[in-house]
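A.B. asks: Predicted model, plus sequence, below.
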Amino acid sequence: MSKKLKAVIIGPGNIGTDLLMKIMRSDWIEPVWMVGIDPESAGLKRAAEMGIKISTTGVDGMLEKVIEDDIRIAFDATSAYVHAENSRKLNELGVIMIDLTPAAIGPFCVPPVNLKQHAEKLEMNVNMVTCGGQATIPMVAAVSQVQEVEYGEIVATVSSRSVGPGTRQNIDEFTRTTSGAVEKVGGAKKGKAIIVINPAEPPLMMRDTIHCLTKESPDQAKIIESVHNMVKEVQKYVPGYKLVNGPVFDGNKVSVFMEVRGLGDFLPEYAGNLDIMTAAALRTAEMFAEESYNQTIKLPVRG
Amino acid sequence: MDLKGKKVTLHDMSLRDGMHAKQHQISIDQMVAVATGLDEAGIPLIEVTHGDGLGGASLNYGFPAHTDEEYLNAVVPKMKNAKISALLLPGIGTVDHLKMARDCGVHTIRVATHCTEADVSEQHIGLAAKMKMDTVGFLMMAHMVSAEKILEQAKLMESYGANCIYCTDSAGYMLPDEVTHKISVLRANLNPATELGFHGHHNMGMAIANSLAAVDAGANRIDGSVAGLGAGAGNTPLEVFVAVLDRMQAVHGVDLYKIMDVAEDLVVPLMDHPIRVDRDALTLGYAGVYSSFLLFAQRAEAKYGIQARDILVELGKRGTVGGQEDMIEDLALTMAKDKGLI
């Protein structure tokens, strides 16, 4: 029996296609299906050329193949509006859902911080927060693992070209979801998130600033060590995750300045914000596969 | 230039843009005193918000002395004729802040985006218009793109429900001809019922001249700030602009002596530093950099030994936009490392 878990990607857009290219290299996940709703979609055609089965009628077009093809993992890169239905239908068939939309039905997942817990509990739906969240919450967690963080604030600056219409129409969702996850996953008592879109050409690399206010005076040596360790953890799945400056200490304020260069699979390198989402989603799926292979979790039984 | 009989609505910025110059530390009493003075002088519209708009309270931009809600609740009930406006930058503030402002009695909401990113304002402009507020689309750093691009973005905001569009010279970079051109293009192509506004900064000493050019080209709302209290070298000084409009026989409804007195007796005494075109403020205008970066760059100079001017010029080269204050310390650190200072 192969150790690889078979997967379906829902949404053949930029994110879905980038994800597909990453999964092709994975030792743990095998892409089998790509699901879209437009037969003319370039993403579906590309997937078909790569030997992937395609559905042009949404998730419904492949549901009856789930068992036959032993699909265990679904990545949803569509929208919050259709995610709930996709998740319900696939969960019913025992497929673990990794949600890249802002729907956030399941718990937030930021791999180096809380993925292991989710995998051990066999969470059937995990949400990948936002691009800004994936890039910054590990740093908030790095500080809060050392000592109590009263307040965590993140500023994500992304290139205009890397922000799609969905995010633009509901930018509040980004700030709300991210600030919520800064608290829930990052461990800050109170969280705040800011996003800045920059149209410069050539496009700027995603950059992120993380500020934490610690309750007690910061233990500088421990925080520096914790931040550097956390950067290494993220670099395991996003090699271009780079600590540019910091940690800088100013009273109880701890500031970290990051840059995120993408792998440039399907999306350009500057779109580190999108790359970190697809890489984190794949990392999440791989963890489920590893745990299953090591028999620390049991996937839903199939007849 | 003939502005005789032209009607101009003046909009004071001292209690919002001025918050930048005060590191967001204006007290409630000071706010109420200045706003009351402006109301009595006949200023029809006064903006009261954190310098970076509703929800701007942050480590990144500075925590204010009081919340937006506290300021608004203190000022709004004291107004006899003046209406209060609030600024909102999508990505910083949300529709929750907008609803809070409306509940506090804010009359005008100004939704601000970078001049190429108007499509992030749809939910905020849409909601404000739906709530029947005076809804303004505020296109910042308008010097960075062509008049045609500004028009394209203005049309988006108009389509979301904005009844007024601003061409905003956030960097104080524009010269009068550019203002004339941009406002003329907007006037010729937007719905005739859509009002036009201009927001200037005095970094190149052009705030009055630019505001006149804007009125001449068809703008009817002009932002200014009593005593110029605002980011960088400040905004168009309102008492000066009122005097100029008087001489040109434009219609503005403001009492010149009263606004002079607000400037001299209330606003100048509360300044932390003289608001003037010093070398750093001039660099903002010259290099086309967002005006509120001024104090951040000066603090970085004090901390890391890199000249504020050099930091600002580099920020201009990198095409930074409003809201990227976090870039300043980051860049100063990198420059200091390169120079072997740290």
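C.D. replies: In hand now; what should we look at? Just so we're clear, the structure is a prediction, and the values are computed from it rather than from any experiment. Numbering: from 1, shown residues only, chains lettered A, B, ... in the order given.
A.B. asks: what ranges do the strands span in the stretch 201-303 of chain A?
C.D. replies: All strands of the stretch 201-303 of chain A, identified by DSSP state E, counting those that start in this stretch, fall at A:206-214, A:241-250, A:253-260.
A.B. asks: so which of these is the most packed in?
C.D. replies: Ranked by mean neighbour count, these are led by strand A:206-214 with a mean of 26 (mean count of other C-beta atoms under 10 Å in any protein chain shown). Heads up, the C-betas are built off the backbone N, CA and C, glycines and all.
A.B. asks: Mind putting the strands of the stretch 201-303 of chain A into TSV with distance to chain B and mean pLDDT?
C.D. replies: Formatted as TSV, those follow (distance: least, C-beta to the nearest C-beta, whole Å; pLDDT from 0 to 100):
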stretch	distance to chain B	mean pLDDT
strand A:206-214	4	98
strand A:241-250	4	97
strand A:253-260	4	98
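A.B. asks: So which residues of the stretch 151-300 of chain B form helices?
C.D. replies: If DSSP state H, counting those that start in this stretch is used as the criterion, the helices of the stretch 151-300 of chain B fall at B:176-189, B:207-217, B:238-247, B:256-261, B:279-287, B:293-304.
A.B. asks: what sits up against the shortest one?
C.D. replies: By C-beta atoms under 8 Å, 6 or more residues apart in numbering or on different chains, the list of residues contacting helix B:256-261 from outside reads B:Gly37, B:Leu38, B:Glu40, B:Ala41, B:Gly42, B:Ile43, B:Val226, B:Leu238, B:Glu239, B:Val242, B:Ala243, B:Asp246.
A.B. asks: Now tabulate the helices of the stretch 151-300 of chain B in JSON lines and tack on mean pLDDT.
C.D. replies: Below are the helices of the stretch 151-300 of chain B laid out as JSON lines (pLDDT from 0 to 100):
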{"stretch": "helix B:176-189", "mean pLDDT": "98"}
{"stretch": "helix B:207-217", "mean pLDDT": "98"}
{"stretch": "helix B:238-247", "mean pLDDT": "98"}
{"stretch": "helix B:256-261", "mean pLDDT": "98"}
{"stretch": "helix B:279-287", "mean pLDDT": "97"}
{"stretch": "helix B:293-304", "mean pLDDT": "97"}
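A.B. asks: Can you give the domain ranges for the chain?
C.D. replies: All of this is about chain A. Per the record, chain A has its domains at A:5-128+A:279-293, A:131-270, by automatic domain parsing.
A.B. asks: wrong chain, I was asking about chain B
C.D. replies: Here the domain parsing of chain B from automatic domain parsing is B:9-270, B:292-338.
A.B. asks: Could I get the ones you listed in a markdown table, plus columns for mean neighbour count and distance to A:Gly152?
C.D. replies: Listed next are the domains of chain B as a markdown table, based on neighbours: other C-beta atoms under 10 Å in any protein chain shown; distance: least, C-beta to C-beta, whole Å:
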| stretch | mean neighbour count | distance to A:Gly152 |
| --- | --- | --- |
| domain B:9-270 | 22 | 9 |
| domain B:292-338 | 21 | 14 |
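A.B. asks: So B:Ser292 versus A:Ala200, what's the distance?
C.D. replies: 19 Å (C-beta to C-beta, to the nearest Å).
A.B. asks: returning to that earlier point: can you tell which of the domains of chain B is closest to A:Lys4?
C.D. replies: domain B:9-270 (40.0 Å; C-beta to C-beta).
A.B. asks: so how far is the first residue of the closest one from its last?
C.D. replies: Taking C-alpha to C-alpha, to the nearest Å, domain B:9-270 runs 26 Å from one end to the other.
A.B. asks: Distance to B:Ala86 added to the domains of chain A, as TSV?
C.D. replies: TSV is the format used below for the domains of chain A (distance: least, C-beta to C-beta, whole Å):
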stretch	distance to B:Ala86
domain A:5-128+A:279-293	26
domain A:131-270	16
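A.B. asks: which residues touch A:Val35?
C.D. replies: Per C-beta under 8 Å, 6+ apart, neighbours of A:Val35: A:Val8, A:Ile9, A:Ile10, A:Gly11, A:Pro12, A:Ile54, A:Ser55, A:Gly58, A:Val59, A:Gly61, A:Met62.
A.B. asks: Show the contacting residues for whatever residue of chain B ends up closest to chain A.
C.D. replies: Residue of chain B nearest chain A, by C-beta to the nearest C-beta: B:Gly319 (3.3 Å). By C-beta under 8 Å, 6+ apart, the residues touching B:Gly319 are A:Asn198, A:Pro199, A:Ala200, A:Glu201, A:Leu204, B:Met144.
A.B. asks: Please, which helix or strand holds it?
C.D. replies: Per DSSP states H and E, B:Gly319 falls between elements, in no helix or strand.
A.B. asks: how about the helices of the stretch 101-250 of chain A, start to end?
C.D. replies: Using DSSP H, counting those that start in this stretch, helices in the stretch 101-250 of chain A cover A:111-120, A:131-144, A:165-169, A:171-184, A:220-235.
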